[in-house]
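Asker: Have a look at this fold, sequence not included:
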């Protein structure tokens, strides 16, 4: 007879990378509740509640709101493949890995893509979108990344949203690293498709992708001339199950839905505004600490949820990351693409965005940098971070 | 301060439907272990072990073996979309919902599909495949369902496998409801792509799809003229992460991988042969009990893992299912398509395949049928099932 206990347990890391973030015990416990059938009335009620909670967090009234049974990238593909038909023209904004991925996915589904590029670490210039719209008046869709996980850039959205409206183009927004950590006002933006993942600022394990489509997007899907190429991600079929018809499509990831519901509930219990303020405060404290160590931020408009900083001269990126992981059980992210070896990506997302995370990380990084001979910086990182928290307490 | 406990717990159902099946406590606990980063060396080791275990359960040496980050239907789509290019000819065998789904998916990815059909509840006739191959000599791929979840038919594979070999066609096999409950000898079949789900005979929650590709399939993928349309399911990109390169593709469903590994380990600990024998024994006991109640099986070749029986005349299908669920916490499945209202689908998969399940279900169903006035059958279902178990004990 084999034991009833799992044969293995993972090390307990402090997850400060680009995602997954730390998952609260309450969400892990929800994940491990007994599995229900995907047509059990008790499960259908949980789906409905999860949709309601997703709408609150996306700040939308969109009927067409659901969780795709895959990770954030499946959410991206679901948004694009349902809205694009072969031959459509699309503008995709590329200033990092995820903009590049959007372009790639749109092209695979047959779009002619006009890329609007910006340097890695810089936001997209709305004027460049305007010019591209003038050059390509048949543009049906604009894809843009709100929170570029590869560079830490937060894209200002107001002007982009206005351009999409003026032009009558569908606006698709990647909010994988912003939803639940930074305001994502879907309806205010009049965004037509917004997608995210569970493992970033929602602090649920990876495996589902919350997505929401506007009425205009739903209408565009209804009036397609061709079938969506992906059967698995065909939103019309998915909605026949998520909606009141309950037509079987595929077996939903039951336990992951329990976890997502619990994670969303924690977001709503905290309150969106308080949650955004918490992310902002911990970001500012981290930033003060890193700057005291002499480190510099790469983007001019940093996300509070993802801090991309330059690896200082003479310091080996990989050595620091490895020692943080093995000696301190702290995970941070490496740079990708042009930032490989040159950037660290420090996530403060969801449950990982806490004073404890900031303090633990600054203490460990400061110690390691000193050990490796780094003499940059003008102050004590913990004092600098502490001053930010103290200032906040005084003002509130 | 909110509580640390989940806000909700599901009812504890006995899952005897077409999946999900009951998940052992040990697997649920593995699922709830702390989340790791997707590039953490501790997680990469778990991925490697999961691949090794998948190979054992698929009875294959295939290098190209991995878990797709979606449910069984994503596994189907992954197999078809990587092997099919627009304009390819494919034979798809259709004798239920899942054969029909294969046809639909293949067509969406641009295949010209020649369907080989059989009546619902009957197996596919290899001669019909042979004739279709003669009519369509350019056929590149044959798709067939080994375990048709919608009808309970187990497809004999030897002759089909031989035909695919003779013709040089790629053989794609749906083993969603057989893997881990019925022999799936991938290498013996010389199958080129086999996919399954986690929530059937592996008794892991739904959310991942184990898939395996032969060398010949890998070669077909390498020599494609066109990109795979789905980026999310592009096996070449997935293997760059699952293989030794560890190139980031998407954030893997970390906790689901823990659970799959644990579930596979339980399969291997029990031993495949013993596990198949257990499924067969419980199936025979259930069958004896149902026949004693006067119920008849629909397929002539029933899967041990899924029992499709006719709803007796004068009995309301939905009333029985609803009362089983609400009064006994037992889930069974309804009929689909032509079997709607006419069939019950009783799954005995993985952890749900037990003497306790058989006894509990027969007792509840017998009681309900008597209450509703059913007077069919010639014996006591529990005695009939008990006799099968007693006979087995004597012979072993």
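Answerer: Sure thing, it's come through. This is a predicted model, so every value here is computed, not measured.

Asker: Name all residues that make contact with the closest residue to residue A:180 other than its chain neighbours.
Answerer: In this structure, residue A:180 finds its nearest non-sequential neighbour in residue A:201, 3.6 Å apart by Cβ to Cβ, 6 or more residues apart in numbering or on different chains. For the C-beta atoms, the positions are set from N, CA and C on the backbone; glycine is no exception. By Cβ atoms under 8 Å, 6 or more residues apart in numbering or on different chains, the residues touching residue A:201 are A:21, A:177, A:178, A:179, A:180, A:181, A:182, A:279, A:305, A:349, A:350, A:353.

Asker: which residues sit in contact with the residue lying closest to the fourth one once chain neighbours are set aside?
Answerer: Nearest residue to residue A:179 in three dimensions, chain neighbours excluded: residue A:196, at 3.9 Å (Cβ to Cβ, 6+ apart). Under the criterion of Cβ under 8 Å, 6+ apart, the neighbours of residue A:196 are A:72, A:75, A:175, A:176, A:178, A:179, A:180, A:184, A:202, A:209, A:210, A:211.

Asker: How confident is the prediction for the fifth one, by pLDDT?
Answerer: When you say that, I think you mean residue A:178. On pLDDT, residue A:178 comes in at 98.

Asker: excluding its backbone neighbours, what's nearest it?
Answerer: Leaving aside its sequence neighbours, residue A:178 sits nearest to residue A:147 (Cβ to Cβ, 6+ apart; 3.7 Å).

Asker: try the last one
Answerer: The shortest distance from residue A:211 to any non-neighbouring residue, by Cβ to Cβ, 6+ apart, is to residue A:195 (4.5 Å).

Asker: And the pLDDT at the one you found?
Answerer: Here, the pLDDT recorded for residue A:195 equals 98.

Asker: just to revisit the earlier point, of the contacts of residue A:201, closest to residue B:153?
Answerer: Of all the contacts of residue A:201, residue B:153 sits closest to residue A:179, with 44.0 Å by Cβ to Cβ.

Asker: Tell me, how many residues neighbour the closest one?
Answerer: The number of residues packed near residue A:179 is 32, by other Cβ atoms under 10 Å in any protein chain shown.

Asker: From residue A:205, how far out is it?
Answerer: From residue A:179 across to residue A:205, the span is 16 Å (Cβ to Cβ, to the nearest Å).

Asker: What are the phi and psi values at residue A:379?
Answerer: Per-residue torsions, residue A:379: phi -150, psi -180 (degrees, to the nearest 10).

Asker: what's the neighbour count on the spatially closest residue to it that is not a sequence neighbour?
Answerer: The shortest distance from residue A:379 to any non-neighbouring residue, by Cβ to Cβ, 6+ apart, is to residue A:292 (3.8 Å). Residue A:292 is flanked by 21 other residues according to other Cβ under 10 Å.

Asker: residues in contact with residue A:292?
Answerer: By Cβ under 8 Å, 6+ apart, the contact list for residue A:292 reads A:377, A:378, A:379, A:380, A:381, A:383, A:384, A:385.

Asker: Check residue A:301 too.
Answerer: The neighbourhood of residue A:301, defined by Cβ under 8 Å, 6+ apart, consists of A:123, A:153, A:154, A:155, A:156.

Asker: Drop anything exposed from the residues you listed.
Answerer: Buried by 16 or more other Cβ atoms under 10 Å in any protein chain shown: A:123, A:153, A:154, A:155, out of these.

Asker: what about the nearest residue to the third one once chain neighbours are set aside, distance to residue B:181?
Answerer: Looking back up the chat, that one is residue A:154. Nearest non-adjacent residue to residue A:154, counting by Cβ to Cβ, 6+ apart: residue A:303, 4.5 Å away. Distance check for residue A:303 against residue B:181: by Cβ to Cβ, it reads 47 Å.

Asker: the more surrounded of the two?
Answerer: Under the criterion of other Cβ under 10 Å, the comparison of residue A:303 against residue B:181 puts residue B:181 first, with 32 against 27.

Asker: surely the more buried one meets residue B:349?
Answerer: Yes - Residue B:181 is within contact range of residue B:349, at 5.6 Å (criterion: Cβ atoms under 8 Å).

Asker: Need the residues touching each of those two.
Answerer: Common neighbours of residue B:181 and residue B:349 (Cβ under 8 Å, 6+ apart) are B:200, B:201, B:279, B:305.

Asker: got the residues of the stretch 251-396 of chain A near chain B?
Answerer: Residues of the stretch 251-396 of chain A lying close to chain B by Cβ under 8 Å from any Cβ of the partner chain are A:251-256, A:258, A:261-262, A:265-266, A:269-270, A:325, A:331, A:336.

Asker: hmm, try it at 7 Å
Answerer: By the rule Cβ under 7 Å from any Cβ of the partner chain, the part of the stretch 251-396 of chain A lying against chain B is A:251, A:252, A:253, A:254, A:255, A:256, A:262, A:265, A:266, A:269, A:331.

Asker: residue ranges for the strands of the stretch 201-350 of chain A, please.
Answerer: Along the stretch 201-350 of chain A, counting by DSSP state E, counting those that start in this stretch, strands occupy A:209-213, A:306-310, A:330-331, A:333-334, A:343-347.

Asker: those helices in the stretch 51-200 of chain A, which residues are they?
Answerer: Residue ranges of the helices in the stretch 51-200 of chain A, as given by DSSP state H, counting those that start in this stretch, are A:72-83, A:97-108, A:126-135, A:158-167, A:186-189.

Asker: Would you mind pulling the contact partners of the last one?
Answerer: Judged by Cβ atoms under 7 Å, 6 or more residues apart in numbering or on different chains, the contacts made with helix A:186-189 from elsewhere in the structure are A:58, A:59, A:60, A:61, A:62, A:157, A:161, A:171, A:173, A:194, A:212.

Asker: Can you flag which of those belong to strands?
Answerer: Among those, DSSP state E puts A:171, A:173, A:194, A:212 in strands.

Asker: The nearest residue to the first one once chain neighbours are set aside and residue A:191, how far apart?
Answerer: Residue nearest to residue A:171 in three dimensions, not counting chain neighbours: residue A:164, with 3.9 Å by Cβ to Cβ, 6+ apart. Distance from residue A:164 to residue A:191, counting by Cβ to Cβ: 8 Å.

Asker: list residues touching both of those two?
Answerer: Shared contacts of residue A:164 and residue A:191, defined by Cβ under 7 Å, 6+ apart, are found at residue A:171.

Asker: Neighbour count: those two, which is higher?
Answerer: Taking other Cβ under 10 Å, residue A:164 and residue A:191 do not tie; residue A:191 has more neighbours (29 against 26).

Asker: Please tell me I have it right and the more buried one contacts residue A:174.
Answerer: No - using Cβ atoms under 7 Å, residue A:191 is not in contact with residue A:174; the gap is 10.6 Å.

Asker: For the nearest residue to residue A:158 once chain neighbours are set aside, report the pLDDT, please.
Answerer: Among residues not flanking residue A:158 along the chain, residue A:189 sits closest, at 7.9 Å (Cβ to Cβ, 6+ apart). Note on residue A:189: pLDDT of 98.

Asker: try the one 3 residues further on
Answerer: Confidence at residue A:192, expressed as pLDDT, is 98.

Asker: Quick one: neighbours of the closest residue in space to residue A:300 that isn't next to it in sequence, just the number.
Answerer: In space, and not counting its chain neighbours, residue A:300 is closest to residue A:122: 6.9 Å by Cβ to Cβ, 6+ apart. Residue A:122 has 17 neighbouring residues, counting by other Cβ under 10 Å.

Asker: Backbone dihedrals for residue A:122, both of them.
Answerer: Here is the backbone geometry of residue A:122 (degrees, to the nearest 10): phi -110, psi 150.
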